[in-house]
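Participant: Sequence unavailable; structure follows:
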């Protein structure tokens, strides 16, 4: 039976459907209320039932043809479903294995989903024929998700060269990351989600396309030939008043140095709806971008910087100073095997978070990078109450010991003026204890570090030696809060070696 054609279905399917409660709600006591045949329901009641079925698993309903089951029960059910296509959010799903041409010929004129993305396989010649069969119906296409090889993408991209008046979501991935080129005359005035990976996109093209409804913009794995300057990106963002989430990720460092105008007074564009920023690339580009935007409702930040000797982030500090909501309770500095990450979060407000990650496996460089990042984040770290220093192993390898100068450790700790609790992984105890020993050669007394510290938690079940006694005694002599030492199993804050 062709699932897209109307068949000779009887109005009284056998057996008669009845409403049966889920197994978890059934009682061993016989019910006094008899089961109700669903065929006795009024059409309005049926519609409510069908809508509840849809909302219970929207992905299955939309992407796995969940509503097909209902239209094949009987003609009455088919009539109720198809008469409420908008309410039930009905779509025709064009994907691998679907007889697209036949489906579109014999189905009602419903909105279309084109979904040919898979991490496990590329588009076959048969899939391409089906995809191209759907493109003449571009006026009905609501969602497109494609994973393409550059070498075999020309016919498909050429078919996208035009207007998609009701398209709401476009996800286009270059499987080989060699740079697909989105047609310049592609337009989608109702687009609210644009997800491009390894795709060459002209920001001028996006500016000319009426994209005022964009809510999510993700430009990831941007190839070298698709570079755009931070000032051009900022100029685009200001034209997107509904944008809530942006993700920018480069495959490599920009091919040219980011150049700033001679006038140091840069006008900031306010992005009133933006709540999330994700970025992967060089620190100079990000610093130039945040100098041009103001995000009063920002809640989440995730940065991944390229492995670079120094991080240039002078404007990032100012950006955090004028972003009011980014105040956090806990900071987790994790020195991992192949990267260092700094995560700031609030256990009472899990939606607020900052995460910065930098690849690199040299221990001294990791601590130095963490100190630079924490210095840039200083405006929002001044309210942190819990500081965690984690390490991927229980012990610091011999070749890493003594690599980090004490002033670098001091720079890492200095922004945490209100931290009341310090948790240190067992592998870092010896290094940190040496860094906190009073030394007359220091530029400033170690007692100026962590002035509110009241609890010190070495992540070890075995009491530490007197390595921290010098710091504790110096705190007592200064008349400041004297940290109390507690012990916990060392596995609690130790990163898995695979990290």
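Facilitator: Yes, it's here. Quantities reported herein were computed from a predicted structural model and do not represent experimental measurements.
Participant: so what's the residue lying closest to residue 291 once chain neighbours are set aside up against?
Facilitator: In space, and not counting its chain neighbours, residue 291 is closest to residue 315: 4.0 Å by C-beta to C-beta, 6 or more residues apart in numbering. Heads up, the C-betas are built off the backbone N, CA and C, glycines and all. Residues near residue 315 by C-beta atoms under 8 Å, 6 or more residues apart in numbering: 287-288, 290-291.
Participant: Where does pLDDT dip in the chain?
Facilitator: For the chain, applying pLDDT under 70 flags the ranges 1-36, 39, 119-120, 203-210, 254-265, 309, 324-325, 349-352, 461-467, 487-499.
Participant: Pick out the residue closest to the middle of it.
Facilitator: With distances taken as C-alpha atoms, centre = their mean, the residue of the chain nearest its centroid is residue 278 (6.7 Å).
Participant: before we move on, what SS does that one have?
Facilitator: Residue 278 falls in the strand class when you classify it by DSSP: H, G, I helix; E, B strand; the rest coil.
Participant: Surely it touches residue 217?
Facilitator: No - applying C-beta atoms under 8 Å, one finds residue 278 not in contact with residue 217, separated by 10.5 Å.
Participant: that older thread, now for the contacts of residue 315: which two are most distant?
Facilitator: 288 and 290 (7.8 Å; C-beta to C-beta).
Participant: neighbour-wise, which of those two wins?
Facilitator: When neighbours are counted by other C-beta atoms under 10 Å, residue 290 comes out ahead of the other of residue 288 and residue 290, with 24 against 21.
Participant: Phi and psi next, for the more buried one.
Facilitator: phi -70, psi -20 (degrees, to the nearest 10).
Participant: Just to check, it is in contact with residue 319?
Facilitator: Yes - shown here, residue 290 and residue 319 form a contact pair, counting by C-beta under 8 Å, at 4.0 Å.
Participant: Show me the contacts of residue 315 that map onto helices.
Facilitator: 287-288, 290 (DSSP state H).
Participant: will you turn the residues you listed into CSV that also has distance to residue 175?
Facilitator: Converted to CSV, the ones in helices among the contacts of residue 315 look like this (distance: C-beta to C-beta, whole Å):
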residue, distance to residue 175
287, 32
288, 31
290, 32
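Participant: so which of the residues you listed comes closest to residue 51?
Facilitator: residue 290 (43.7 Å).
Participant: which residues touch the closest one?
Facilitator: So residue 290 contacts 315-316, 319 (C-beta under 8 Å, 6+ apart).
Participant: What of residue 419?
Facilitator: 384-387, 450, 452-453.
Participant: nearest spatial neighbour of it, skipping sequence neighbours?
Facilitator: residue 387 (4.6 Å).
Participant: What's the local residue count around that neighbour?
Facilitator: Residue 387 has 23 nearby residues by other C-beta under 10 Å.
Participant: ok, it touching residue 418?
Facilitator: No - applying C-beta under 8 Å as the test, residue 387 and residue 418 come out as separate, 10.0 Å apart.
Participant: if we can go back for a sec, pick out whichever of the contacts of residue 315 sits closest to residue 200.
Facilitator: residue 288 (21.5 Å).
Participant: returning to that earlier point: what residues do residue 278 and residue 217 have in common as contacts?
Facilitator: Contact criterion C-beta under 8 Å, 6+ apart; residues shared by residue 278 and residue 217: 245-247.
Participant: Which of these fall within helices?
Facilitator: Reading helices off the shared contacts of residue 278 and residue 217, I find no matches (DSSP H).
Participant: Thanks a lot, see you next time.
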